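K.L.:
need a 3D model of the following:
(chains A and B)
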Amino acid sequence: MQRGWPLLGPLRWFRYVNKKVKVKARKDEEVRGWLFTVDPVSASMVLVDFRENGGVLVQVVMGHAVEEVQVLQEADRRTADHLQTMFLPPRTCILEP
Amino acid sequence: TSLSTSAASAADADELQSEQQARSLLREGFLRCLLSAANKKVQFHMYEKVKVEATFGACDIDVLNFQVSDLHTPIGVQKEALIRSQDVISFNFDI
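P.N.:
You can find the predicted model right below:
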């Protein structure tokens, strides 16, 4: 993928989800992480980086600044599951009648 | 020819539907990410190597502006501010 990231459209953005990517954004910014989602309105990429101390860094790259996207790695099942449940609200408790 | 036209439009409808499905899944994820950013310390990377910190509030539906509080600028702390997304390259936060 070179120029034109914002023009790719949902189906092609979707193919990058759950992959580890390297994103070049405007001149000297380079961001790496697992692609969680792409906002279909602004083409902004949400990248997640798991840190060694157990913390999670979320990086959002604005669609207009994306210059190059390179796929580094596919997620295994565990990473993919972990990614997709990361932002879900904590389980709601069921109230007894 | 009417047959091929209708077959083509059926294929188009299928593609449109899967595109819409992808679009809604992607958008839902983005909105959940914004929700988790609310009230967190966020660092914005902007043009000309400007990095500023603020507490994330919200953004508008077409992601044109970010509403933030306690924006730490080089000339002081702005209690409430709107940041134009066009001026932002990326932003990050910890969860």
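
K.L.:
when you work out contacts or count neighbours from here on, use the C-alpha atoms and nothing else.
P.N.:
OK.

K.L.:
could you point out the helix or strand that follows the strand or helix carrying residue B:15?
P.N.:
The secondary structure element spanning residue B:15 is helix B:2-37 (assigned by DSSP states H and E). Taking DSSP H and E as the definition, the helix or strand that follows helix B:2-37 towards the C-terminus is strand B:41-46.

K.L.:
what helix or strand is the most centrally placed residue in chain B on?
P.N.:
Averaging the C-alpha coordinates of chain B gives a centre point, and the residue nearest to it by C-alpha atoms, centre = their mean is residue B:63 (5.1 Å). Remark: residue B:63 resides in no helix or strand, with elements defined by DSSP H and E.

K.L.:
what sits against it?
P.N.:
If a contact means C-alpha atoms under 8 Å, 6 or more residues apart in numbering or on different chains, then residue B:63 has A:41-42, B:85 as its contacts.

K.L.:
circling back to that earlier point, is any residue of the helix holding residue B:15 near chain A?
P.N.:
Yes: on the criterion C-alpha under 8 Å from any C-alpha of the partner chain, helix B:2-37 is in touch with chain A at B:18-20, B:22-23, B:26-27, B:29-30, B:32-33, B:36.

K.L.:
so what's residue A:33 bridging to?
P.N.:
The bridge-partner assignment for residue A:33, based on DSSP bridges, gives residue A:21.

K.L.:
same question for residue B:69.
P.N.:
For residue B:69, the residues forming beta bridges with it (DSSP bridges) are residue B:55, residue B:80.

K.L.:
so the nearest residue to residue B:59 once chain neighbours are set aside, which state does it fall into?
P.N.:
With C-alpha to C-alpha, 6 or more residues apart in numbering or on different chains as the measure, residue B:66 is the residue that lies nearest to residue B:59, at 4.4 Å, once sequence neighbours are left out. State at residue B:66, reduced to three classes by DSSP: H, G, I helix; E, B strand; the rest coil: strand.

K.L.:
count the neighbours of residue B:66 for me.
P.N.:
16 (other C-alpha atoms under 10 Å in any protein chain shown).

K.L.:
got a list of what it touches?
P.N.:
Applying C-alpha under 8 Å, 6+ apart, one finds that residue B:66 lies in contact with B:56-60, B:82-85.
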